[in-house]
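Trainee: structure of the sequence below:
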Amino acid sequence: MKRLLIIIASAFVLASCQKDEEITPVLQFENIYAIIDNPNDSVQHRTYNIYKEFGVPVYFNDTIGRVHVMDDVQGNPIYNYEKIDLSWSFHSYNKNTYEFDYMTDDKQKMKALDIIETYLKDASPSLRPFSFFVTNSTRMYNQGVLSTTYRNSTFNIGFRTILMTGNWTAKQLADQPGLMKRQMVLSKITNYVEDVALFSSVSKSVWYGGLGWEKIYDPKGLQFVIGWRDMEMLYDDWSGARWYTAEELEIMRNNARTVAGSFGFIKGNHTTKGLETPSNATYDLQDYVIETLKYSPEEFEQIWGKYPLVMKKYGIVRNIIENKLLIKL
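Mentor: Predicted coordinates for the structure are as follows:
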């Protein structure tokens with residue numbers, strides 16, 4: 001009798017297990033972010049090669065994949081669709097909504113891939129985003145109200161995704177990889193809070209605020225007057241440069257550096273093209289990132305080496321870029 005009960009119990013357990021196996025849905029986990037090759041599609045094939053070399057997917061649609069969850073009672077598959085989420089920033093998550101004008105022209109897509117490939121070849125792994133998303137244009141809504149429109153080559157650096165828009169000019173095609181690199185460094189560098197605080201403490205806080213240089217400088221002699229007038233020369237896009245020879249421009253730039261460098265600044269207020277002090281340390285840091293990426297360490301020291309406050313700030317920024325973001329200057 002005891003033996004019979006054991007056999008019956010075993011049969012009951014086996015039947016229960018088989019029944020559970022029949023009704024339990026099976027999730028099929030797939031790498032939905034992977035790019036699949038299609039040699040017959042030139043855009044898809046190139047996108048795949050970029051993904052294969054750098055591990056960064058490029059998307060032209062915000063719906064990037066699907067996961068099979070289960071089958072319904074009729075046996076039809078039920079999927080969960082994965083979409084790109086642009087709401088993550090480096091410091092917060094917003095609840096904005098987006099509308100996309102998708103890019104469909106293959107020539108424009110190839111231009112986008114030119115930019116992306118150039119960027120990835122130059123950028124260290126620490127500057128590679130999780131993905132790129134390319135559209136003709138993108139509209140962002142905050143609580144149902146249009147707040148930002150991205151179009152005509154504008155881009156946005158997000159926490160996971162770099163959003164790009166098309167319609168590039170020849171100059172924009174050449175410049176955009178470098179612009180994205182600068183913006184990505186700026187986005188990353190603010191994560192090093194202690195270093196940024198140390199940078200901000202080098203120049204006195206009372207020197208910021210868009211002040212006239214005469215308010216913080218001892219106006220003695222002709223040198224200061226000339227330097228104040230020449231602050232615009234420190235900007236590469238200054239339109240007046242065409243009226244001077246290279247030698248004259250360098251003299252004026254040295255005069256301007258004497259003014260700015262004395263306070264640890266390498267540029268002035270952006271709104272007035274340098275005719276006032278930087279508005280705050282954030283803009284000051286942006287100027288340093290741009291110039292640090294623009295010049296080699298030797299070139300930067302040759303230009304600014306005699307200004308101790310400038311070199312102290314430069315050392316802080318260089319340390320972050322080289323030793324923490326692992327970018328070779």
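
Trainee: SS state for the closest residue to residue 301 other than its chain neighbours?
Mentor: Ranked by CB to CB, 6 or more residues apart in numbering and with sequence neighbours excluded, the top spatial neighbour of residue 301 is residue 311, at 7.2 Å. For the C-beta atoms, the positions are set from N, CA and C on the backbone; glycine is no exception. Each residue gets one of three states, and residue 311 gets helix by DSSP: H, G, I helix; E, B strand; the rest coil.

Trainee: got a list of what residue 311 touches?
Mentor: Contact criterion CB atoms under 8 Å, 6 or more residues apart in numbering gives 301, 304, 305 as the residues in contact with residue 311.

Trainee: give me the number of residues near the last one?
Mentor: Neighbour count of residue 305, defined by other CB atoms under 10 Å: 13.

Trainee: distance check, it against residue 266.
Mentor: According to CB to CB, to the nearest Å, residue 305 and residue 266 sit 12 Å apart.

Trainee: repeat that for the first one.
Mentor: Here the criterion is CB to CB. By it, residue 301 lies 13 Å from residue 266.

Trainee: neighbour count for these two, which is higher?
Mentor: residue 266 (24 against 14).

Trainee: next structured bit after the host helix or strand of residue 117?
Mentor: Following DSSP states H and E, the helix or strand that holds residue 117 is helix 106-122. Downstream of helix 106-122, the first helix or strand assigned by DSSP H and E is strand 131-142.

Trainee: and the contacts of that next one?
Mentor: 33, 56-60, 62, 64, 84, 86, 94, 96-103, 108-109, 112, 116, 146-152, 160-167.

Trainee: one more time with 7 Å
Mentor: Counting contacts by CB atoms under 7 Å, 6 or more residues apart in numbering, the residues outside strand 131-142 that touch it are 56-60, 62, 84, 96-103, 112, 116, 146-151, 160-166.

Trainee: list the buried residues for that strand?
Mentor: Of the residues in strand 131-142, those buried by neighbour count under the rule 16 or more other CB atoms under 10 Å are 131, 132, 133, 134, 135, 136, 137, 138, 139, 140.

Trainee: make TSV from those residues and add distance to residue 156 and pLDDT to it.
Mentor: As requested, the buried residues of strand 131-142 are exported to TSV (distance: CB to CB, whole Å; pLDDT from 0 to 100):
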residue	distance to residue 156	pLDDT
131	13	95
132	11	97
133	10	97
134	12	98
135	11	97
136	15	97
137	12	97
138	8	97
139	12	96
140	9	95
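
Trainee: from these, which is closest to residue 211?
Mentor: Sorting the buried residues of strand 131-142 by how near they are to residue 211, with CB to CB, puts residue 140 at the top with 35.0 Å.

Trainee: how about the closest one, nearest residue that isn't a chain neighbour?
Mentor: Using CB to CB, 6+ apart and skipping residues adjacent in sequence, the residue nearest residue 140 is residue 148, 4.3 Å away.

Trainee: would the one you found count as being in a strand?
Mentor: Yes - going by three-state DSSP, the assignment for residue 148 places it inside a strand.

Trainee: show me the strands in the chain, by range?
Mentor: For the chain, the strands defined by DSSP state E cover 58-59, 63-71, 77-83, 97-102, 131-142, 145-151, 155-157, 161-165.

Trainee: distance to residue 207 added to those, as JSON lines?
Mentor: As requested, these are arranged in JSON lines below (distance: least, CB to CB, whole Å):
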{"stretch": "strand 58-59", "distance to residue 207": "44"}
{"stretch": "strand 63-71", "distance to residue 207": "48"}
{"stretch": "strand 77-83", "distance to residue 207": "47"}
{"stretch": "strand 97-102", "distance to residue 207": "41"}
{"stretch": "strand 131-142", "distance to residue 207": "35"}
{"stretch": "strand 145-151", "distance to residue 207": "33"}
{"stretch": "strand 155-157", "distance to residue 207": "29"}
{"stretch": "strand 161-165", "distance to residue 207": "35"}
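
Trainee: nearest to residue 245, of the ones you listed?
Mentor: Residue 245 lies closest, by CB to CB, to one member of the strands of the chain: strand 155-157, at 36.7 Å.

Trainee: tell me the strands beside that closest one, with direction?
Mentor: Each strand pairing with strand 155-157, determined using DSSP bridges, is listed with its direction: strand 161-165 (antiparallel).

Trainee: count of neighbours near residue 238?
Mentor: By the criterion of other CB under 10 Å, residue 238 has 14 neighbours.

Trainee: OK, contacts around it?
Mentor: With contact taken as CB under 7 Å, 6+ apart, residue 238 is in contact with 232, 273.

Trainee: show the pLDDT at it.
Mentor: The model reports residue 238 with a pLDDT of 78.

Trainee: now the helices for the chain?
Mentor: Counting by DSSP state H, residue ranges of the helices within the chain are 2-23, 42-54, 106-122, 170-189, 193-200, 222-229, 246-261, 281-294, 297-304, 308-319.

Trainee: just how off-centre is the last one within its chain?
Mentor: Meaning helix 308-319. 23 Å (CA atoms, centre = their mean, to the nearest Å).

Trainee: list the buried residues of it.
Mentor: Those would be 309, 310, 311, 313, 314, 316, 317, 318, for helix 308-319 by 16+ other CB under 10 Å.
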